[in-house]
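A.B. asks: Dropping a prediction and its sequence here:
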Amino acid sequence: MTSRPLDGIHVVTIALNLPGPAAARRLVGLGASISKVEPPSGDPMAAYHPEWYATMSAGQEVRRIDLKTGAGRGALGALLQSADVLLTSSRVSALKRLGLDWESVHREHPGLSHVAITGYPGAQSDRTGHDLTYIAAEGLLAPPAMPRTLMADLAGAERAVSAVLALLVLRERGGGPGYMEVSLAEVAISRNRCVLGSPGRERCLAAASRDMRSIKPRTGGSRSRRSSRISFEPWSRRRA
């Protein structure tokens, strides 16, 4: 059997809804072993989109544990003993009440890294938010139309995977375990640089057009030097 990059890596996640489970699903694909801890009521995604929930939790050990009880926190602690990374998506104040903020986790499990998905960064990490509020703040909505996907959540999941990989590399290089925060609001900010109506958008699209026209295809086994004829249209026109 072919080995995968994260074979032997154990990630414990208590992240619910979309960003955390999407990140966990990607980590499974890279070979990680995932233990997902849900509250007694389960992950809300299982109720509002059962098919997506099944996809996002496939290949994972799912346990329902009440972290508000001493017995539940003890059960989670036992899981963390063998874990390399803890993945969370709760507000910092909620994690502190459960003894799962970075300082508490690091004290109890000094070899464990922690990736925390938050709505807003730093001092605003206790502020609640939603994919719609993150992208609306950056002008990425076109009312009254709803977005076709949950952009900040899904892009944030990919950034969380990158954070997990970065912390594992850091540890491998002797830097020890660490903590990284992934703010979904910051993810939305990073996506508004080249969209309709944003400053510099025309320059951005012109550069993309120039780059696409410069592509030189290779056909068969020969090295073709014919320039590719690519018709470039801004996405706003292509959507019509």
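C.D. replies: Alright, I've got the coordinates.
A.B. asks: alpha carbons only for contacts and neighbour counts from here, please
C.D. replies: Fine.
A.B. asks: how close does Ser57 get to Leu76?
C.D. replies: 18 Å (CA to CA, to the nearest Å).
A.B. asks: ok, now Val115?
C.D. replies: To Leu76, Val115 is 16 Å away according to CA to CA.
A.B. asks: higher neighbour count, those two?
C.D. replies: Val115 (24 against 19; other CA atoms under 10 Å).
A.B. asks: quick one, domains of the protein?
C.D. replies: Structural domains annotated on the chain: 10-190, 201-238, as defined by automatic domain parsing.
A.B. asks: who are the neighbours in contact with the most centrally placed residue in the chain?
C.D. replies: Central residue of the chain (CA atoms, centre = their mean): Ala157, 1.2 Å from the mean position. Going by CA atoms under 8 Å, 6 or more residues apart in numbering, Ala157 touches 19-20, 22-23.
A.B. asks: give me that answer again for 6 Å
C.D. replies: Counting by CA atoms under 6 Å, 6 or more residues apart in numbering, Ala157 makes contact with 19, 22-23.
A.B. asks: Then Asp101?
C.D. replies: Contact partners of Asp101, counting by CA under 6 Å, 6+ apart, are Leu95.
A.B. asks: State the distance from it to Ala75.
C.D. replies: The gap separating Asp101 from Ala75 is 17 Å, by CA to CA.
A.B. asks: Ok, Ala152 next?
C.D. replies: According to CA to CA, Ala152 and Ala75 sit 32 Å apart.
A.B. asks: ditto for Ile14
C.D. replies: Distance from Ile14 to Ala75, by CA to CA: 13 Å.
A.B. asks: could I get the contacts of Ala157 as a markdown table with distance to Asp7, neighbour count and pLDDT?
C.D. replies: Putting these into a markdown table (distance: CA to CA, whole Å; neighbours: other CA atoms under 10 Å; pLDDT from 0 to 100) gives the following:
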| residue | distance to Asp7 | neighbour count | pLDDT |
| --- | --- | --- | --- |
| Pro19 | 22 | 25 | 95 |
| Ala22 | 19 | 26 | 96 |
| Ala23 | 16 | 26 | 97 |
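A.B. asks: Now render those residues as a markdown table, adding secondary structure and distance to Ser82.
C.D. replies: Putting the contacts of Ala157 into a markdown table (DSSP: H, G, I helix; E, B strand; the rest coil; distance: CA to CA, whole Å) gives the following:
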| residue | secondary structure | distance to Ser82 |
| --- | --- | --- |
| Pro19 | helix | 24 |
| Ala22 | helix | 22 |
| Ala23 | helix | 20 |
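A.B. asks: Tabulate those (TSV), appending distance to Leu140.
C.D. replies: Output for the contacts of Ala157, formatted as TSV (distance: CA to CA, whole Å):
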residue	distance to Leu140
Pro19	19
Ala22	22
Ala23	23
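A.B. asks: ok, these vs Ser41, which is closest?
C.D. replies: Nearest to Ser41, judged by CA to CA, of those is Pro19 at 18.9 Å.
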